[in-house]
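Colleague: Provided below are the primary sequence and the corresponding predicted coordinates.
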Amino acid sequence: MLKGAIARRYAGAMFELALKQDALERTLDDVQEIARLFSKRTLAYLLREPKVPAQRKENVLREALSSRVLPISLNLALLVVQRGLVDLMPNIAAELQQMVLDYKNQATAEVTTAQPMDEQQQALVKQALEKRTGKTILLSTRVNPEILGGVVARVGDQVIDGSVQQRLQALKRQLLTGVAMSSIDVLDGGANVSAESPAQAFQA
């Protein structure tokens, strides 16, 4: 079975159990914590090593997690190690996070701008993305001067590129393929690629 399918199966089981126990957020936090723990090189090596007795692995996990996570989350960690799926734990956490987001009709958005946005600009971008996706947006921001202006938003697997850099590239492609000048927006002898506000980049 493909790794993605395996991760979804484990995440789906955790999602159903968490719903029944009314502990969706706590379970997601637990699974993400386990994924972080399993990413530590020394521990990951110990948990993957077939020469290390299973009982020792179980003892290490119980000591590290018993007081920090729910019983179902500890059981997940034990089962993943028992079945040799340690490297799959980040995928399980990511799949579970997506299931929780879908259940709540939410989406995470990483928004990149050339300059830092103030709170008002962030609110406008969030509102624009929510209108476009129909979901409640959980916004994170980063700055990359190379996009020149506008905004690039990654919402799940979808990339919405409203950057000035992208528009310049598109214009160059048009020029190289011989598009008539009448189809190009020209302002004072040059292409109109002004650095509009981040929120305006989503209005097209």
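Modeller: Received the coordinates, thanks.

Colleague: Which positions within stretch 93-103 qualify as buried?
Modeller: A93, A94, E95, L96, Q97, Q98, M99, V100, L101 (16 or more other C-beta atoms under 10 Å). No exception for glycine: its C-beta is placed from N, CA and C like everyone else's.

Colleague: Buried residues, stretch 5-21. List them.
Modeller: Buried-residue list, stretch 5-21, by 16+ other C-beta under 10 Å: I6, A7, R8, Y10, A11, M14, F15, L17, A18.

Colleague: likewise stretch 23-36?
Modeller: Buried residues in stretch 23-36 (16+ other C-beta under 10 Å): A23, L24, T27, L28, D30, V31, Q32, E33, I34, A35.

Colleague: Make TSV out of the residues you listed and add secondary structure and pLDDT.
Modeller: As requested, the buried residues of stretch 23-36 are arranged in TSV below (DSSP: H, G, I helix; E, B strand; the rest coil; pLDDT from 0 to 100):
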residue	secondary structure	pLDDT
A23	coil	96
L24	helix	96
T27	helix	97
L28	helix	97
D30	helix	97
V31	helix	98
Q32	helix	97
E33	helix	97
I34	helix	97
A35	helix	97
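
Colleague: Just the CA coordinates for the top helix by length along the chain, please, in PDB.
Modeller: Counting residues, the longest helix found in the chain (DSSP state H) is helix 3-20. The C-alpha trace of helix 3-20 is given here as PDB (Å, rounded to 0.1, in the frame of the first residue of the first chain):
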ATOM      1  CA  LYS A   3       2.600   5.600   2.000                       C
ATOM      2  CA  GLY A   4       0.000   8.300   1.500                       C
ATOM      3  CA  ALA A   5      -2.800   5.700   1.700                       C
ATOM      4  CA  ILE A   6      -1.400   4.200   4.900                       C
ATOM      5  CA  ALA A   7      -1.000   7.700   6.500                       C
ATOM      6  CA  ARG A   8      -4.600   8.500   5.600                       C
ATOM      7  CA  ARG A   9      -5.900   5.300   7.100                       C
ATOM      8  CA  TYR A  10      -4.200   5.900  10.400                       C
ATOM      9  CA  ALA A  11      -5.200   9.500  10.400                       C
ATOM     10  CA  GLY A  12      -8.800   8.600   9.600                       C
ATOM     11  CA  ALA A  13      -8.900   6.200  12.500                       C
ATOM     12  CA  MET A  14      -7.600   8.800  14.900                       C
ATOM     13  CA  PHE A  15     -10.100  11.400  13.500                       C
ATOM     14  CA  GLU A  16     -13.100   9.100  14.100                       C
ATOM     15  CA  LEU A  17     -11.900   8.200  17.700                       C
ATOM     16  CA  ALA A  18     -11.200  11.900  18.500                       C
ATOM     17  CA  LEU A  19     -14.700  12.900  17.300                       C
ATOM     18  CA  LYS A  20     -16.300  10.200  19.500                       C
END
